[in-house]
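Engineer: Prediction below, plus the sequence it came from.
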Amino acid sequence: MACNSSTCNSSGCYKEYEEEEQHKSKTRAEVKGSNIRQNLCVKCKSSEPVCCGIGGEDSRFCKDCFKNNLYGKFKQAVTYNAMITPPDKVLVAFSGGPSSRVLLQFVHEMQYRAQKNYDASKDKSLPVFGVGVAFIDESSTNSFASQQIEKAIEDIRSIVSNLAPPSKELFVVPIESIFSSDGIDCKERLKKLLDALGDVTGKEDLLIHLRMLSLQKIASENGYTRVVLGSCTSRIACHVISATVKGQGYSLSADIQFVDSRWEIPVVLPLRDCPAQELNTLCSLDGLKIVETPNGPFSGINGLVSSFVKVLQEENLSRECTIVRTAGKLTPFHFNRIPEIQDSNVPSATRRHHRRHGLKSNGSLSSESFCAICNSPLKKSNSSSSLTNESPQPSNRFVAACSSCQFQILPKDPSLMEQFLPLLPHPMITRAKHGDRGNVSSLREQIQDFLLSDGDDEI
Amino acid sequence: MEADAKPMKLGGRLCCVCNQRRAALKRPKTLEQICRECFYAVFEEEIHQVILENKLFKPGERIAIGASGGKDSTVLAYVLSELNRRHNYGLDLFLLSVDEGITGYRDDSLETVKRNELQYGLPLKIVSYKDLYGWTMDEIVKMIGLKNNCTFCGVFRRQALDRGAALLKVDKVATGHNADDIAETVLLNILRGDIARLSRCTSIITGEDGPIPRCKPFKYTYEKEIFMITLGCQSLNELSTYAYFKKLDYFSTECIYSPNAYRGFAREFIKDLERIRPRAILDIIKSGEDFRIATSTKMPEQGTCERCGYISSQKWCKACVLLEGLNRGLPKLGIGRNQGLNSDAKKDIKKDDRTKSIESKQCGSLEF
Ligand SMILES: [Zn+2]
Ligand SMILES: [Zn+2]
Ligand SMILES: [Zn+2]
Ligand SMILES: [Zn+2]
Ligand SMILES: [Zn+2]
């Protein structure tokens, strides 16, 4: 089923998916109307469908077809965006929730198949990618009982160790260890930092940024080449709305792509096209264990957004997909692709695809600058109309930050600002210092972008 | 909302602007404590600045104010005539109203508009659907029945103001869209996946390439503040209570008979946001302005309708197709996919479908 030709960059092969796609659309067309009454799986037309409620489609799959369909979406995202290639070592961000549980399972299955292919192949030319798992323990930021968090960590250990070989390294890291290089009381420092924030939403968002920094730190220190997140369609739909509400329209398109290489270790989102509902269904169908972790429901702006999206989704089952699709039409940034693609490793189809979809740098030589706090690209001449009554924040003079972070995270008072800045973790301080130039996008990459565009007339 | 918007008792605090008078209310937009006099001054001055910075008007222009009789357009008529006088804009202002011909629906509001005509001394023109299309909305409904997704409301209303404006020979139409409306539209366009409208809906001037551009002087003005103005201002006090509470504005192209459920959710969501973070409304508008949208998706190519001359991307504009259907006794014509009349349109739709299916396919499946 997998081919070892040069066009194949991981365990599977594109052909397989193309056929599957064609088959799917054919069956779908034939089936419209007639077969639904017969109560058979719309794809294989032999087994009984399970009630899985795929958003917006009247199709009903049997257990196997449902699973294959979901895995197919994952795998397609991985292969066409060159998210995972044989020499990679990927770090799966695991929260214990349904999305990241499915993610772990899928990455594991992909690795397992790659291993089987490797064992069967004669020349052993394609190595099997490595997998690690990271759990960020945020119990110090909430009032979750220590027994509960211990139980959760124990469950996570057993989930990871019970996966079939190749074995996976597990990192359980408290979020405050982002400060560990500073040789101070990390817990105390985190508490001080969070206490300095008055805005509930700002606090929540800062924690999300710290979580990303923690993942980056683990990945970087342990030689990982990708950070894989389990962000599903529903989660991304919420992000689209909340970024809009926070005035982050410019940077939004950076956050919702399959690939985000503005970080030291590129971040990938292979479950972007999988709605939460389907992931939940798979967990219960396959008996995948969910771990209760102390990530309470959101409050403030984020809370309003998630209940708004929930209501919309109840009114129309494809709403979340539509929201993500709308945002997907926004122009991505030059870093929304795997950097420095080695031509020999990537099928030409993928390269063409990248070019056609504008994943190549838009305005080749870019000198994006980034928000020190949330790392979102800043709009040049951030002079929004004076009519919005946004007098330039005094904090502006200290830190290059997006208007959202300036409002909900940074203190307004310059003297408070001076106390606040040193509390930030090291990577944010560095970004604040070099705020005017993206430290990730090296000159080399920029030049490569420029050269790539020469090939455009091939199409 | 009414309760929130009423001027509150704020103890003995002084106004943060003049530092002399007692603060009488808290500005919804900024939560500043401010006296009544300064509130009016700030309110009007902000709109004046919007008009200047965005060059909304030129001296000598004829401007129609889309007057629905609702609070937004009533306050707009008041503010524009005031600013025009105070700052010598040199504009000829008109009130333009549309009567859809729905029994009982506009009676009250048309009365309000007629009062505005007298109060501000602005000439009023009322154009009716009967005049514009030969059909009243009541007659149309009788013909098509109360269907769930009626296309008529949106299409006819979108054109009515423009056609009325053409009759008045004005250079521009000013509408009472406020910041809340625009924020709502941004969200709705995200919810329904309309990237072309998403890129346009925050523009303060639209249709500059068309026959009659439109502008929104209230783009940054909060609905609550407009409401407060109507409460306190003598000349506005006669505004009928009916018009206060009902959204009567022409720019809403929603079906009168079967409104979208999610529009209601979006309105409520914005009110909730405003309660915990007033600037969220401006932030949504800022996002709408900043979205990275490729220029190619921005505007479908516009031509003019062969029949009525209205801007249209197809041979006949949508209203003419619908009208033809009505007149031939085939009201379903032009609704949905079977645009029997528009052979060119048909081609366009096919092309549209193809691009759509390309987009909805998983990336990469095109390669084979
Ligand atoms: Zn099946
Ligand atoms: Zn930021
Ligand atoms: Zn005052
Ligand atoms: Zn209607
Ligand atoms: Zn026409």
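Structural biologist: That came through fine. Every value quoted in this text rests on a predicted model; they were computed, and no experiment measured them. Ligands and ions are numbered 1, 2, ... in the order given.

Engineer: Just the element for B:Leu282, please.
Structural biologist: Per DSSP states H and E: B:Leu282 is located in helix B:280-290.

Engineer: and that helix, does that touch chain A?
Structural biologist: Yes: with CB under 8 Å from any CB of the partner chain as the criterion, chain A is reached by helix B:280-290 at B:280, B:282-290. Every residue, glycine included, has its C-beta placed from N, CA and C.

Engineer: Filter those residues down to the buried ones, ChimeraX style.
Structural biologist: Buried residues within these, by 16 or more other CB atoms under 10 Å in any protein chain shown, are selected in ChimeraX with:
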select /B:280,282,283,284,285,286,287,288,289,290
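
Engineer: I'd like the residues of helix B:280-290 next to chain A as a markdown table, with distance to B:Lys216 and pLDDT appended.
Structural biologist: Shown next, in a markdown table, are the residues of helix B:280-290 next to chain A (distance: CB to CB, whole Å; pLDDT from 0 to 100):
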| residue | distance to B:Lys216 | pLDDT |
| --- | --- | --- |
| B:Ala280 | 19 | 97 |
| B:Leu282 | 14 | 97 |
| B:Asp283 | 18 | 97 |
| B:Ile284 | 15 | 98 |
| B:Ile285 | 11 | 97 |
| B:Lys286 | 15 | 96 |
| B:Ser287 | 17 | 97 |
| B:Gly288 | 13 | 96 |
| B:Glu289 | 13 | 95 |
| B:Asp290 | 18 | 95 |
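
Engineer: right, and out of the residues of helix B:280-290 next to chain A, which lies closest to ligand 3?
Structural biologist: For the residues of helix B:280-290 next to chain A, the residue nearest ligand 3 by CB to the ion is B:Leu282; the value is 22.8 Å.

Engineer: Stretch B:138-154: end-to-end distance?
Structural biologist: End-to-end distance for stretch B:138-154, by CA to CA, to the nearest Å: 15 Å.

Engineer: per-domain residue ranges of the chain.
Structural biologist: Since no chain was named, I'll use chain A. Following automatic domain parsing, chain A resolves into domains at A:56-340+A:351-357, A:369-450.

Engineer: try chain B instead
Structural biologist: According to automatic domain parsing, the domains of chain B span B:44-290, B:303-358.

Engineer: Among the ones you listed, which comes closest to A:Ser242?
Structural biologist: When those are compared by CB to CB, domain B:44-290 sits nearest A:Ser242, at 10.2 Å.

Engineer: Any idea how far the closest one is from the middle of the chain?
Structural biologist: 4 Å (CA atoms, centre = their mean, to the nearest Å).

Engineer: Can I get the domains of chain A in a markdown table including mean pLDDT, distance to B:Tyr105 and mean neighbour count?
Structural biologist: As requested, those are exported to a markdown table (pLDDT from 0 to 100; distance: least, CB to CB, whole Å; neighbours: other CB atoms under 10 Å in any protein chain shown):
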| stretch | mean pLDDT | distance to B:Tyr105 | mean neighbour count |
| --- | --- | --- | --- |
| domain A:56-340+A:351-357 | 89 | 27 | 19 |
| domain A:369-450 | 69 | 34 | 17 |
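
Engineer: any chance you could map the strands in the stretch 151-300 of chain B?
Structural biologist: Under the criterion DSSP state E, counting those that start in this stretch, strands of the stretch 151-300 of chain B are mapped to B:172-174, B:205-206, B:214-215.

Engineer: Take these and write them to JSON lines, including mean neighbour count.
Structural biologist: Shown next, in JSON lines, are the strands of the stretch 151-300 of chain B (neighbours: other CB atoms under 10 Å in any protein chain shown):
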{"stretch": "strand B:172-174", "mean neighbour count": "24"}
{"stretch": "strand B:205-206", "mean neighbour count": "15"}
{"stretch": "strand B:214-215", "mean neighbour count": "23"}
